[in-house]
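Colleague: the sequence and its predicted three-dimensional model are supplied below.
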Amino acid sequence: DTGVSQDPRHKITKRGQNVTFRCDPISEHNRLYWYRQTLGQGPEFLTYFQNEAQLEKSRLLSDRFSAERPKGSFSTLEIQRTEQGDSAMYLCASSPSGQDYEQYFGPGTRLTVT
Amino acid sequence: AQKVTQAQTEISVVEKEDVTLDCVYETRDTTYYLFWYKQPPSGELVFLIRRNSFDEQNEISGRYSWNFQKSTSSFNFTITASQVVDSAVYFCALSEAPGNNDMRFGAGTRLTVKP
């Protein structure tokens, strides 16, 4: 049983460039979540999908951010016109549907904007 | 609004000592879930425990134990006979049901266990 995987693990980009991250959830999990974690802080919720539907977005998710899960399997998170403040670890998690399940996290993608 | 406070930023202990990590939460809901996750130096968050608001029984799993007290809105985590491998950042989190969609994390407590 493979866990949640994320690609790339590290990304360095120049300010103003666009970046895209990929998350592959645990195969039988319907729900997929994106979080952002900055240094010394806990993860902050960004958005979540139930299958292919994006059901919730945090106010942290500015219009430069977009997430998709086109076939209800893997998901992508794109950041357009990156800013230095976007530097963070971007975490993906997945869980089965229902309220009695914990979320399982991937290793994260560390983004550095120079 | 939901909020989780982990007042201890860093704790350092010597191996074999017991250590308790504090977690205090705020929520207006009567139904909610509490979690603890471990983030070792490798960075991947590892699930430790989930508790729903209707289950106040304390839980023990090996050297780990959790004390949930609704009266004080606390969900504390104790590691007995700590080991070097316990060194990590530990996060407490809260989710207001249903669905666990928006899990609110505390800022974490960095635990260092010295040999």
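Modeller: Received the coordinates, thanks. Numbers count the residues shown, from 1 in each chain, chains lettered A, B, ... in the order given.

Colleague: I'd guessed B:S12 sits against B:T109; true?
Modeller: No - judged on C-beta atoms under 8 Å, B:S12 makes no contact with B:T109 at a distance of 11.1 Å. For glycine as for every other residue, the C-beta is placed from the backbone atoms N, C-alpha and C.

Colleague: between these two, point out the one with more neighbours.
Modeller: B:T109 (21 against 12; other C-beta atoms under 10 Å in any protein chain shown).

Colleague: could you check how far the more buried one is from chain A?
Modeller: 10 Å (C-beta to the nearest C-beta, to the nearest Å).

Colleague: flag the shaky bits of chain B, pLDDT-wise.
Modeller: Along chain B, segments meeting pLDDT under 70 span B:97-101.

Colleague: could you pull out the strands in it for me?
Modeller: Assigned by DSSP state E, chain B shows strands spanning B:3-5, B:10-14, B:19-21, B:24-26, B:32-39, B:46-52, B:59-61, B:64-69, B:74-79, B:88-96, B:104-105, B:109-114.

Colleague: could I have the second one exported to CSV, CA atoms only?
Modeller: Read it as strand B:10-14. What follows is strand B:10-14, C-alpha atoms only, in CSV (Å, rounded to 0.1, in the frame of the first residue of the first chain):
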residue,chain,number,x,y,z
GLU,B,10,10.2,23.7,22.5
ILE,B,11,10.8,21.1,25.0
SER,B,12,14.1,19.3,25.7
VAL,B,13,14.4,16.2,27.8
VAL,B,14,16.9,13.5,28.5
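
Colleague: that one pairs with which strands?
Modeller: Note on strand B:10-14: by DSSP bridges, its sheet partners are strand B:109-114 (parallel).

Colleague: and the strand it pairs with, which residues are buried?
Modeller: Buried residues in strand B:109-114, counted by 16 or more other C-beta atoms under 10 Å in any protein chain shown: B:T109, B:R110, B:L111, B:V113.

Colleague: re earlier: out of the strands of chain B, which one sits most buried?
Modeller: For those, the largest average neighbour count (mean count of other C-beta atoms under 10 Å in any protein chain shown) is found in strand B:88-96, namely a mean of 24.
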